[in-house]
Structures are given as C-alpha cells and as structure tokens.
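J.: Okay, predicted coordinates and the sequence, questions at the end:
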Amino acid sequence: MNLWYKKFISQPHQPFFTNGMIFFILFMTLFVFSYKNIIDINSTVLTYHAYTLIFVVFIQFFLGFLFVVFPKFLMQAEIESKDYMRQFYIYFIASIGILLSLIFYSKFTILFQVLILFAQAMSFFLLYSIHKKSTLKDKNDTKWVLIAFSTGLISQLLFIVSQFDLKYSYLFSKIAINSGFYLFLFMIIFTISQRMIPFFTRVMVPEYKINRSNKLLDIFFVLLLIKVLVLSFEDTRLNLFIDIPIFLFILRELFIWKLPTFKTPPIVWILHLGLYWIVIAFFISIIESVFAFINPNFYFEKIVIHTLAIGYFVTVLVGFGTRVILGHSGRKIETKLFALIIFIAVQFLALIRVFASISSNFDLNYTFFIELSAFLLIVALVIWSLKYITILVENEKKVEKKSNWKA
C-alpha cells in the first residue's frame, strides 16, 4: 500500500484527475437522480449543478494539469508532492462534504463551499509564487491563468454571499455563476488551449508554424468580461451585441492558426474539434439572440453554456487527460480505437444536449432528452475512466511489469 501511495502522489495530475473524474460522475448522477425525483434536493440547480461543476469538478482536472505544466512554462522546479497533496486533501474533503450535504442537509453546504474557496486560494498563491520566482521575460500565458484564477476566487466568494437572504442574492448568484463560467473556467481552459494545442500540433506535424495574435488573451478576456456584464441584464436580445464580436474574433483567430487538422492523429485533432465548438457555441448564441427579436417564444434552455461545457470543456478534458495520462505513465502517446470511439461519443453527446435545449419547441419530452444526455455523459465518463483513470491508480508492481516488457 505504501508503494502504491507513493506512486499515486508522485505526479500532481494523478490525484487531481482521479478526484475530478470521481466527483464529475457523482455530481452528474446526483443531477439525474434529482431530475427523476429519486432524491429530493433542497437546493437550486445553480448550486447542485452549475456551482459544483464550475468550482468543484472541472477546476480540479485543470489544476492537475496546471500543477504539471506551470513550472515547465516558467522554467522552475517541479512542485513538491507535499504542497499539492495538502491541497488535494482539502479539495477531497470539501467535495465529498458538498455532495453529502446537498443530499442530507443543504444548510451545511456553505461550510464546504468556504473550504473549497480556501483550497482554491491556496492553489492560486502556489501558482503565483512560481510565476513570481520565474525570471523569464515572456510570462503572458501564466499571467492570464492567474488573472482568470483570481476572478474565480471573487466569483466563488460572491456565490457564497448569495446564499444568505439578502436583497440582491439572486443577482449575486447569477453574476457569480456567469463570471465563474466565462472569466474563470472558460478563460483558464482557453489560455491552456491556445498554448498547448498549437504546441501538440507542431509535435505531430513538424512543418506546422505556430501563429497566434499578440493580444489574443487580452482581447478575449475583455470580450468575456463584457459578455458577463451583458448577461447580468437577463435580456437575450442584448447578447447579440457581444456574441457577434466574440464569434468573429475566435473565427478569425482560428483562421490565423491554420491548424492542419486533417494531417494530425486523433490525439491532436480531437483537441482541434474542441476549439471549433467555441465557434459553434457563439454562432448558436447569435441565433438565440435573433430569435429573441423575431420569435421570443422559441426556447433555447441554457444552450450556449452546455455547448461550451460538453463540446469544448469535456472534449479538451478528455483529449488533454488521455495525452497526459499516457505520456506521464511511460506509454506511447497514441489513440487506439477505444479512445477514438470515446472522443466521437462526446461529440454526439454535445449534439444531443444541444437538441435537448430546444426539444420542447417541437412538443417533445424535454426532460427525457435532458436525462438521456446526462446519463450518456455519465456512461462515457465511466467507460473512459475504466481505461485511463485506472492507469493513475494501478499498483507499482503492474507499472514495473509493463515498463520491463517495453524495455
């Protein structure tokens, strides 16, 4: 057990990916049980679904990745296991506390939300200390990760405040979720993506030349900030005035990148697909805003957020996760049929969730399609985990056996 534990905590992505996936599956299962009235949750969907995925689940995956790459970005020593494992235990306790309190006694949930906030503050200061130590001249990418992370801390604090019975509690909770989604999670994932996806592409296609706009992250953050401000008015028609600039900006940027999607193996082109979902999401958002003018009764239930969350976030999560797990376990970084099927399945899941958002307009059973998309996502996550998360938690003897066989 001691040897297994040492191996498990030897790299930051191993405990954080494992924790993230376990609670992703658990919170999605909680969502399904709530929709089917199997469990009666005395909390709003903003808390047991939106908050948990933004501030508890997704961020743990990308923290695992950041704790690996941040020192490399800044030419610093690797983070010691005692530093990230201290945070891991707090995230684990807070995650399970939030899950159980939502099920049994929701008044305790806020205590574990404060604990999550404390853990994320620790993560921020750890990453900031690495950024500050580095003497590299170009620290733009890590700077924007830290800016996004700091907005996440503010957003989560605002959401915790909104749990109290205040005059503007509902407004605070909406702003907290919107800023948490766009300025925190989306911005962090995009910052990592614009750095790593072109790099992975060049590794597989050496003749590819990385070409990004100089002020890409600066402009994108400002656009997302305006998006959050516009969303606070809760008038879908107003979104049109910011969604068009974001759509054109991302479309132009991806055109500049000239990604050789058809020349790359699946382990890379799946990441390209994730980026294309951003364009699709904001194009859908433009359509939604137009419909708000010409047919306001047409319902688009949270379509943009779910297009981004499943189409972009989950695709990138699975793509990065597969690559990191294979690469850091000494295995060949390749995509066999199993992984390819999972990648494609996630794309179909995104399409099903998009259709679910508009299904009620065609007199179809909206609840059925929501439950179906959630159930299929859980199945996909479990199947992927059985193949890849098991690599993270396998015992030391099995690893030695494989490495000896390779040698």
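T.: Nice, I can see it. Every value quoted in this text rests on a predicted model; they were computed, and no experiment measured them. Numbering: from 1, shown residues only.
J.: Nearest residue to residue 259 in space, please, no chain neighbours.
T.: residue 272 (5.2 Å; C-beta to C-beta, 6 or more residues apart in numbering). C-beta coordinates here come from the backbone N, C-alpha and C atoms, glycine included.
J.: Could you double-check that that neighbour lies in contact with residue 257?
T.: No - counting by C-beta atoms under 8 Å, residue 272 does not reach residue 257; the two are 9.2 Å apart.
J.: still on that earlier bit, what's the helix or strand for the residue nearest to residue 259?
T.: helix 266-294 (DSSP states H and E).
J.: What of residue 77?
T.: Using DSSP H and E, residue 77 sits within no helix or strand.
J.: does residue 319 really touch residue 272, like I thought?
T.: No - if you go by C-beta under 8 Å, residue 319 and residue 272 don't touch, sitting 9.2 Å apart.
J.: Of those two, which one has the most company?
T.: Taking other C-beta atoms under 10 Å, residue 319 and residue 272 do not tie; residue 319 has more neighbours (27 against 20).
J.: quick one: contacts for that one?
T.: By C-beta atoms under 8 Å, 6 or more residues apart in numbering, the contact set of residue 319 is 267, 270, 271, 274, 343.
J.: And those residues, which two are furthest apart?
T.: The most widely separated members of the contacts of residue 319 are 267 and 274, with 12.4 Å between them, by C-beta to C-beta.
J.: which one of those two has more residues nearby?
T.: Between residue 267 and residue 274, counted using other C-beta under 10 Å, residue 274 has the larger neighbour count: 27 against 21.
J.: and that one, what does it touch?
T.: By C-beta under 8 Å, 6+ apart, the contact set of residue 274 is 193, 197, 311, 312, 315, 316, 319.
J.: Please name the nearest non-neighbouring residue to residue 183.
T.: The nearest residue in space to residue 183 (C-beta to C-beta, 6+ apart) is residue 151, at 4.2 Å.
J.: Can you report how many residues neighbour that neighbour?
T.: Residue 151 has 22 nearby residues by other C-beta under 10 Å.
J.: That one touches residue 184, doesn't it?
T.: Yes - at 5.3 Å, residue 151 counts as touching residue 184 under the criterion of C-beta under 8 Å.
J.: which non-adjacent residue is nearest residue 220?
T.: Distances taken as C-beta to C-beta, 6+ apart place residue 190 nearest to residue 220, at 6.6 Å, with adjacent residues excluded.
J.: do the same with residue 266
T.: Nearest residue to residue 266, sequence neighbours excluded (C-beta to C-beta, 6+ apart): residue 335, at 3.8 Å.
J.: List the contacts of the one you found.
T.: Per C-beta under 8 Å, 6+ apart, neighbours of residue 335: 265, 266, 267, 270, 322, 343.
J.: Would you mind confirming that the second one makes contact with residue 339?
T.: Yes - with contacts counted by C-beta under 8 Å, residue 266 reaches residue 339, the gap being 7.0 Å.
J.: So for the two, which sits in the more crowded spot?
T.: Between residue 266 and residue 339, residue 339 has the larger neighbour count (other C-beta under 10 Å), namely 21 against 18.
J.: Please identify the helix or strand for that one.
T.: helix 337-358.
J.: now swap in residue 148 and tell me
T.: Secondary structure from DSSP H and E places residue 148 in helix 140-162.
J.: which of the residues in that helix are buried?
T.: 141-142, 144-149, 151-153, 155-160, 162 (16 or more other C-beta atoms under 10 Å).
J.: State the pLDDT value of residue 5.
T.: pLDDT recorded at residue 5 is 87.
J.: Any idea how many residues pack against it?
T.: Count around residue 5 with other C-beta under 10 Å applied: 10.
J.: Assign it to helix, strand or coil.
T.: State at residue 5, reduced to three classes by DSSP: H, G, I helix; E, B strand; the rest coil: helix.
J.: which regions of the protein lie under the pLDDT threshold?
T.: Applying pLDDT under 70 to the chain flags the ranges 1, 395-407.
J.: quick one: contacts for residue 266?
T.: For residue 266, the contact set (C-beta under 8 Å, 6+ apart) comprises 335, 339, 340, 343.
J.: how near is it to residue 318?
T.: Residue 266 sits 11 Å away from residue 318, going by C-beta to C-beta, to the nearest Å.
J.: ok, now residue 336?
T.: Here the criterion is C-beta to C-beta. By it, residue 336 lies 14 Å from residue 318.
J.: In terms of neighbours, single out the busier of the two.
T.: Legend: neighbour count by other C-beta under 10 Å for residue 336 and residue 318, higher for residue 318 (23 against 11).
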